[in-house]
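[1] predicted model and sequence follow; I will ask about them next.
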Amino acid sequence: MLSVTLPIFLLFGCLLFVGFGLLAIGTILGPRSSGRVKQMPYESGMDPVHDTRRRFDVRFHLLAIAFLVFDVELLFLYPWAVTLRAECPAAAAGDSTSVALAETGVVSHSSGRGTERGPAFWGGIVFIAVLSVGFVYDWRKGVFDWR
């Protein structure tokens, strides 16, 4: 039992040693200066002159929400591309394998380049279309106009 848990305890021991060692070195060798300016709260590189509870314009919040929506939606495109590639490897292969794929029936004989489009492809296209409609809606509502 000890041979199984010994490496874990050694790892935690080294972790604590390095962590406390870095803290000790930082406090011993680190710069020590204090003053009125050092004690002021830091706010985005500017002097804090306003109340912290002041109101922001609603356009700031609309733009922030639109950014989050489009950013999160973009994260769904990577798994979609991976699924699409796994579902239809002929789409990623290009022209070099079109002759071999034509013999197996994956590529249609009439065009020589068309591939079967599965549900992952059409689901992604619908997803991008809905995302585009949302982008146009935000643009028409003036979310991206900053006055």
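    Structure's in. What do you need? Residues are numbered from 1 along each chain as shown.
[2] skip ahead from the helix or strand of the chain with the lowest mean pLDDT and say which helix or strand is next.
    When each helix and strand of the chain is scored by mean pLDDT, DSSP states H and E, helix 98-104 comes last, with a mean of 46. Per DSSP states H and E, the first helix or strand lying C-terminal to helix 98-104 is helix 119-141.
[3] so for that following helix, mean pLDDT?
    Average pLDDT, helix 119-141: 86.
[4] mind giving me the packing neighbours of it?
    In terms of contacts (3 or more Cβ pairs under 8 Å, 6 or more residues apart in numbering; DSSP states H and E), helix 119-141 is packed against helix 58-75, helix 77-87. For the C-beta atoms, the positions are set from N, CA and C on the backbone; glycine is no exception.
[5] run the angle between that helix and helix 77-87 for me.
    150 degrees (axes from the mean of the first three to the mean of the last three Cα atoms, to 10 degrees).
[6] contacts for helix 119-141?
    Applying Cβ atoms under 8 Å, 6 or more residues apart in numbering, the contact partners of helix 119-141 are 62, 66, 69-70, 73, 76-77, 80-81, 83-84, 87-88, 91, 144.
[7] what about that helix, distance to the chain center?
    Counting by Cα atoms, centre = their mean, to the nearest Å, helix 119-141 is centred 19 Å from the centre of its parent chain.
[8] also stretch 16-34?
    Remark: stretch 16-34 is offset 34 Å from the chain centroid, using Cα atoms, centre = their mean.
[9] likewise stretch 71-85?
    Computed by Cα atoms, centre = their mean, the chain-centroid distance of stretch 71-85 equals 11 Å.
[10] buried residues, it. List them.
    Within stretch 71-85, the residues that qualify as buried by neighbour count (16 or more other Cβ atoms under 10 Å) are 80, 83-84.
[11] just to revisit the earlier point, Serialize the helices and strands packed on helix 119-141 to TSV and add fields for distance to Pro41 and mean pLDDT.
    What follows is these, written out as TSV (distance: least, Cβ to Cβ, whole Å; pLDDT from 0 to 100):
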stretch	distance to Pro41	mean pLDDT
helix 58-75	21	82
helix 77-87	39	81
